[in-house]
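Trainee: this is a predicted model, with the sequence first.
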Amino acid sequence: MAIDLISWAPELYAATALLAILFYSTGPTATANTEFWCMVNLGQGQYLHKKNLCNFDATSSKTNPSEGPGAIVCHLIIWAAVWCFLAGVLVWNTPFHTLMAGGVFIRDSFNVGACAFLLFFAFFAILVSANWSESAKIVHPEYVLLILLTLLGNMLLCYAADLTALYLCLELQSFAVAVLCSLNYNSAYAVEAGMKYFLLSAFSSCLLLLGVGLLYWDAGTCQIPHLVELYTTLSPNVSYNCLLGVWLVSLGLLWKLAAAPMHFWAADVYMGAWTSISLLISTIPKIAVLCFWTHYWHILWVTLFNNSLFWFSAGSLLIGAIAPFAQVQIKRLLAFSSVGHMGFMLMCLVGGSEAYASLAIYLFLYCVTSLVTWGLLLWPYNRASHTVDKNGGPQYLWDLSGLNTALPTAAFAWTVGMLSLAGLPPAAGFLGKLSLFWTTLNSHQYALVLLALLSTLLSSVYYLKVVKVAYVDNPKGNSVYLSYSAITAYVVSLSVLVLVLGLWYSSPFVLLAHLHTLSA
């Protein structure tokens with residue numbers, strides 16, 4: 001019993017902390033946390049003043065401050081970031097590897113490292129939106145709770161060694177993300193994003209569940225290690241139920257990765273959701289699903305379908321290279337860009353297990369670059385024309401016009417982020433593409449390397465177009481950037497530093513990636 005409690009220590013802490021935050025924010029001890037605007041008569045005119053957590057008397061200009069923090073969501077986000085950091089420390093310092101829940105979850109050195117990276121990255125991804133949540137007027141405590149549920153689902157997904165556990169973990173994070181996407185119910189785009197994610201996620205879950213049922217019908221077990229041992233022994237004399245089951249489960253996983261042709265939801269969801277949620281959707285589920293795929297599922301896929309991931313990788317590369325040319329909204333451009341990057345990550349899986357280290361390096365650099373690009377989109381932006389929320393941040397490419405004149409440090413950060421996404425030196429993104437090109441060539445996938453080089457050439461055009469707009473184009477209108485959050489600025493600056501120095505001093509995380517993937 002004591003061993004079971006110790007083995008579940010990180011998850012028990014996560015659940016206890018989540019319940020504590022739930023009680024703190026919505027329990028009987030919680031005070032009113034509404035935020036509203038009121039008019040105060042000062043001399044000749046009327047002026048808008050924001051009143052946080054105050055009881056305003058309409059007959060006078062006096063306010064009676066209530067107890068508690070001034071911005072409850074910002075306050076809870078800080079606690080959620082602490083939750084992620086401490087959970088990451090607990091996972092990293094797990095005393096021993098063990099079977100949990102009768103082997104439904106397995107904790108070993110590979111998924112411990114992946115889960116720790118997921119939680120440490122979530123620490124920065126949540127922290128980057130702390131003060132932005134106040135300027136965006138987010139007043140829903142459930143915003144933070146749903147983010148923590150999403151992280152808990154992906155955290156358990158890293159350990160899942162059973163198909164039923166896989167399904168339940170995916171559903172836990174999918175339901176939370178669907179609500180998060182539509183939480184900004186004043187925006188029609190957000191409602192559309194939530195509905196589209198929910199409906200398409202439900203459809204992909206149905207396919208996945210059908211695949212799980214077929215595999216259980218054929219093999220009599222849902223334990224993935226047992227399925228791998230059984231079908232590698234029987235290959236190539238396996239039943240059609242087995243082939244169809246593995247194919248359907250794989251399609252459900254590829255949908256979560258937004259790989260072509262299961263990418264159609266990504267652009268609308270990324271655009272409609274809050275920017276902080278788009279950052280989480282574009283990174284956190286991909287870390288967990290890729291961890292599961294490389295550790296358990298890839299052997300089964302290669303045994304039955306050989307290198308069929310070539311077609312998914314090739315399709316994603318083409319979509320990521322061509323689709324962004326028609327986009328003027330930054331979030332949609334980044335959404336289609338993420339599809340292209342998923343094509344590069346799938347190249348590593350086409351290359352075999354020896355390419356796992358390249359996948360780890362590329363995924364790490366992609367997550368750091370995402371912190372830069374999405375963090376810069378959290379910069380409050382006052383638009384002269386009231387077409388969008390004035391605190392929504394830059395939305396269109398022309399919003400970056402003249403950025404070098406007004407904010408040269410922001411223009412430099414955008415340049416580093418775009419060069420890293422394009423895989424061009426001197427940014428560290430070049431290291432990720434160099435490593436995966438090398439491993440893919442070693443596996444003799446010459447056609448895929450040629451397609452990846454063409455995709456890199458085409459995608460560099462629209463990435464460099466963002467840099468050109470920031471440095472060359474003249475500002476349009478009277479739109480201005482407002483004050484930037486100090487916490488967000490520190491996170492973005494640290495990420496830029498990693499991308500600038502990573503190419504020139506890459507030995508530490510390259511060696512760490514190789515050591516981590518030895519246990520895969």
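Mentor: Right, received. Where do you want to start?

Trainee: endpoint to endpoint, stretch 289-307 covers what distance?
Mentor: Stretch 289-307 stretches 19 Å from its first residue to its last (CA to CA, to the nearest Å).

Trainee: low pLDDT regions in the stretch 1-150 of the chain?
Mentor: In the predicted model, the stretch 1-150 of the chain carries pLDDT under 70 at residues 1-7, 27-70.

Trainee: swap the cut-off to 90 and go again
Mentor: Across the stretch 1-150 of the chain, the ranges flagged by pLDDT under 90 are 1-76, 79-80, 83, 86-87, 90-113, 129-142, 145.

Trainee: tell me where it has helices.
Mentor: In the stretch 1-150 of the chain, helices defined by DSSP state H, counting those that start in this stretch lie at 2-7, 9-26, 72-92, 109-127, 132-135, 142-159, listed in chain order.

Trainee: could these go into TSV alongside distance to residue 322?
Mentor: In this view, the C-beta of every residue, glycine as well, is placed from N, C-alpha and C. Below are the helices of the stretch 1-150 of the chain laid out as TSV (distance: least, CB to CB, whole Å):
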stretch	distance to residue 322
helix 2-7	48
helix 9-26	41
helix 72-92	36
helix 109-127	29
helix 132-135	32
helix 142-159	30
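
Trainee: nearest to residue 415, out of these?
Mentor: When the helices of the stretch 1-150 of the chain are ranked by distance to residue 415, counting by CB to CB, first place goes to helix 109-127 at 20.8 Å.

Trainee: tell me which other helices or strands that closest one touches.
Mentor: Applying 3 or more CB pairs under 8 Å, 6 or more residues apart in numbering; DSSP states H and E, one finds that helix 109-127 makes contact with helix 72-92, helix 142-159, helix 275-281, helix 284-292, helix 356-376, helix 486-502, helix 507-517.

Trainee: a markdown table for these, including mean neighbour count?
Mentor: Below are the helices and strands packed on helix 109-127 laid out as a markdown table (neighbours: other CB atoms under 10 Å):
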| stretch | mean neighbour count |
| --- | --- |
| helix 72-92 | 21 |
| helix 142-159 | 24 |
| helix 275-281 | 25 |
| helix 284-292 | 24 |
| helix 356-376 | 25 |
| helix 486-502 | 18 |
| helix 507-517 | 15 |
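
Trainee: centre of the chain to the longest helix along the chain, how far?
Mentor: Across the chain, the longest stretch assigned as helix under DSSP state H is helix 188-219. The chain centre lies 19 Å from the centre of helix 188-219; the measure is CA atoms, centre = their mean, to the nearest Å.

Trainee: what's that helix packed up against?
Mentor: Helix 188-219 makes packing contacts with helix 163-181, helix 224-234, helix 240-256, helix 266-272 when contacts are defined by 3+ CB pairs under 8 Å, 6+ apart.

Trainee: between those, which one is closest to residue 72.
Mentor: Distances from residue 72 to each of the helices and strands packed on helix 188-219 were compared using CB to CB; the minimum, 17.0 Å, belongs to helix 163-181.

Trainee: residue 185: what secondary structure?
Mentor: Following DSSP: H, G, I helix; E, B strand; the rest coil, residue 185 is assigned to coil.

Trainee: returning to what we had before: so which of the helices and strands packed on helix 109-127 is nearest residue 454?
Mentor: In terms of CB to CB, the element of the helices and strands packed on helix 109-127 nearest to residue 454 is helix 356-376, at 18.2 Å.

Trainee: and the angle from that closest one to helix 284-292?
Mentor: Following axes from the mean of the first three to the mean of the last three CA atoms, to 10 degrees, one obtains 170 degrees for the angle between helix 356-376 and helix 284-292.

Trainee: send me helix 356-376 as PDB with only the CA atoms.
Mentor: Below are the C-alpha coordinates for helix 356-376, written out as PDB (Å, rounded to 0.1, in the frame of the first residue of the first chain):
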ATOM      1  CA  TYR A 356      13.900   9.500 -31.900                       C
ATOM      2  CA  ALA A 357      16.700  11.800 -30.700                       C
ATOM      3  CA  SER A 358      16.100  14.100 -33.700                       C
ATOM      4  CA  LEU A 359      12.400  14.200 -32.900                       C
ATOM      5  CA  ALA A 360      13.200  15.200 -29.300                       C
ATOM      6  CA  ILE A 361      15.500  18.000 -30.400                       C
ATOM      7  CA  TYR A 362      13.000  19.300 -33.000                       C
ATOM      8  CA  LEU A 363      10.000  19.100 -30.600                       C
ATOM      9  CA  PHE A 364      12.000  21.000 -27.900                       C
ATOM     10  CA  LEU A 365      13.000  23.800 -30.200                       C
ATOM     11  CA  TYR A 366       9.400  24.000 -31.700                       C
ATOM     12  CA  CYS A 367       8.000  24.400 -28.200                       C
ATOM     13  CA  VAL A 368      10.500  27.100 -27.300                       C
ATOM     14  CA  THR A 369       9.700  28.900 -30.600                       C
ATOM     15  CA  SER A 370       6.000  28.700 -29.800                       C
ATOM     16  CA  LEU A 371       6.600  30.500 -26.500                       C
ATOM     17  CA  VAL A 372       8.200  33.300 -28.500                       C
ATOM     18  CA  THR A 373       5.600  33.700 -31.300                       C
ATOM     19  CA  TRP A 374       2.400  33.100 -29.200                       C
ATOM     20  CA  GLY A 375       3.900  35.100 -26.300                       C
ATOM     21  CA  LEU A 376       4.300  38.100 -28.700                       C
END
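
Trainee: sounds good, over and out.
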